[in-house]
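> My questions are about this predicted structure, shown below with the sequence.
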Amino acid sequence: MNIVLLGAPGAGKGTQADRLVAEFGIAHISTGDILRAAVKAGTPLGLEARKYMDAGELVPDSVVIGLVKDRLGATDAQRGFILDGFPRTSVQAVALDSALSDMGKSIDVAIAIDVDPDAIVKRITSRRMCRACGYIGTIEDSRCPKCGGEMYQRDDDNEATVRNRLDVYARSTAPLVDYYLGKGLLETIDGDRPVDVVYADVKAKLKV
Ligand code: AMP
């Protein structure tokens with residue numbers, strides 16, 4: 001099962017991906033997580049990426065495409081994968097198709113999680129993440145409900161950056177919905193519902 005998850009920042013892609021990974025044991029490939037790990041480790045990639053991330057801009061295509069190609073080649077991705085936050089531009093989508101075709105693979109389905117833009121800013125600014133395991137929670141979680149780790153607010157989850165990320169999404173990423181529609185791979189889901197209900201719908205679309 002090779003899945004692309006599409007949706008604006010804060011649509012719930014990471015949360016739904018975590019559930020699918022837990023249930024089906026496929027690889028979770030989140031370019032945001034890979035980049036945040038590089039920032040935390042202070043690698044040259046992290047130092048370069050941070051400038052873009054803090055401003056809510058996209059990291060250059062060439063950098064992100066290279067990361068995903070490496071990740072798709074890893075052992076755990078051979079059983080299937082969920083791409084979360086990639087592709088984000090048409091250039092990335094075309095590069096993904098070509099990399100997969102070189103590996104004799106393809107995308108089975110692209111799931112677009114649709115959310116009301118007005119609700120997103122509130123949702124993201126109250127989002128908190130676990131420093132230890134990456135669990136995505138809310139301001140209500142004083143510790144991580146999964147591992148007890150410290151919850152923190154992502155540097156790019158402040159209101160000004162979120163607004164820019166939404167603009168970037170509308171400009172560069174939203175057109176990918178048509179890209180996957182044209183390929184007959186698109187399934188759209190209403191993300192303005194409780195997490196469990198959205199997840200049931202995701203599974204229904206995957207027919208699993
Ligand atoms: P995310 O965790 O998916 O919201 O990503 C956080 C930030 O990482 C984004 O705002 C971008 O700066 C960067 N990023 C993540 N994925 C990509 C991508 N596919 N292309 C370019 N930049 C990305």
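Cool, got the structure.
> quick one, phi/psi of Pro175?
phi -60, psi -20 (degrees, to the nearest 10).
> Determine how far the last residue of stretch 189-200 lies from the first.
Start-to-end span of stretch 189-200 (C-alpha to C-alpha, to the nearest Å) is 10 Å.
> Touching that stretch from outside, list them.
By C-beta atoms under 8 Å, 6 or more residues apart in numbering, the residues outside stretch 189-200 that reach it are 7, 11-12, 15-16, 19, 111-116, 119, 201-202, 205. In short, each C-beta sits where N, CA and C put it, glycine included.
> do stretch 158-170 as well
With C-beta under 8 Å, 6+ apart, stretch 158-170 has contacts from 8-10, 54-58, 88, 117, 120-121, 124-125, 155-156.
> Nearest to Thr173 among those?
Relative to Thr173, the closest of those is Arg88; by C-beta to C-beta it sits at 4.7 Å.
> Validate this expectation: that closest one resides in a helix.
No. With DSSP: H, G, I helix; E, B strand; the rest coil as the criterion, Arg88 is located in coil rather than a helix.
> Quick check: pLDDT value at the residue of the chain found nearest the ligand.
Taking C-beta to the nearest ligand atom, the ligand has its nearest neighbour within the chain at Gly32, 2.0 Å off. Reading off the confidence values, Gly32 has pLDDT 96.
> tell me the secondary structure for it?
Under three-state DSSP, the three-state class of Gly32 is helix.
> what about it, how many neighbours?
Per other C-beta atoms under 10 Å, the neighbour tally for Gly32 reads 19.
> Tell me which residues touch it, please.
Gly14, Asp84, Gly85.
> which of those are buried?
Gly14, Asp84, Gly85 (16 or more other C-beta atoms under 10 Å).
> Could you dump the residues you listed into TSV with pLDDT added?
As requested, the buried ones among the contacts of Gly32 are arranged in TSV below (pLDDT from 0 to 100):
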residue	pLDDT
Gly14	94
Asp84	97
Gly85	97
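> tell me, which of those residues make contact with the ligand?
Taking C-beta under 6 Å from any ligand atom as the test, the ligand is in contact with Gly85 out of those.
> By mean pLDDT, flag the weakest helix or strand of this protein.
For the chain, the helix or strand with the lowest mean confidence is helix 117-125, at a mean of 89 (criterion: mean pLDDT, DSSP states H and E).
> still on that earlier bit, can you turn the buried subset of the contacts of stretch 158-170 into a selection I can paste into ChimeraX?
Burial among the contacts of stretch 158-170 is assessed by 16+ other C-beta under 10 Å; the matching ChimeraX selection reads:
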select :8,9,10,56,57,58,88,120,121,124,156
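> Which residues of this structure lie near the ligand?
Taking C-beta under 6 Å from any ligand atom as the test, the list of the chain residues beside the ligand reads 9, 31-32, 35, 52-53, 56-59, 64, 85-86, 88, 92, 156, 165.
> from the residues you listed, which ones fall inside strands?
Nothing among these maps onto strands, per DSSP state E.
> Between the two ends of stretch 127-144, what distance do you get?
Stretch 127-144 end-to-end distance (C-alpha to C-alpha) = 12 Å.
> Please disregard the earlier target; I meant stretch 24-43.
End-to-end for stretch 24-43, by C-alpha to C-alpha: 32 Å.
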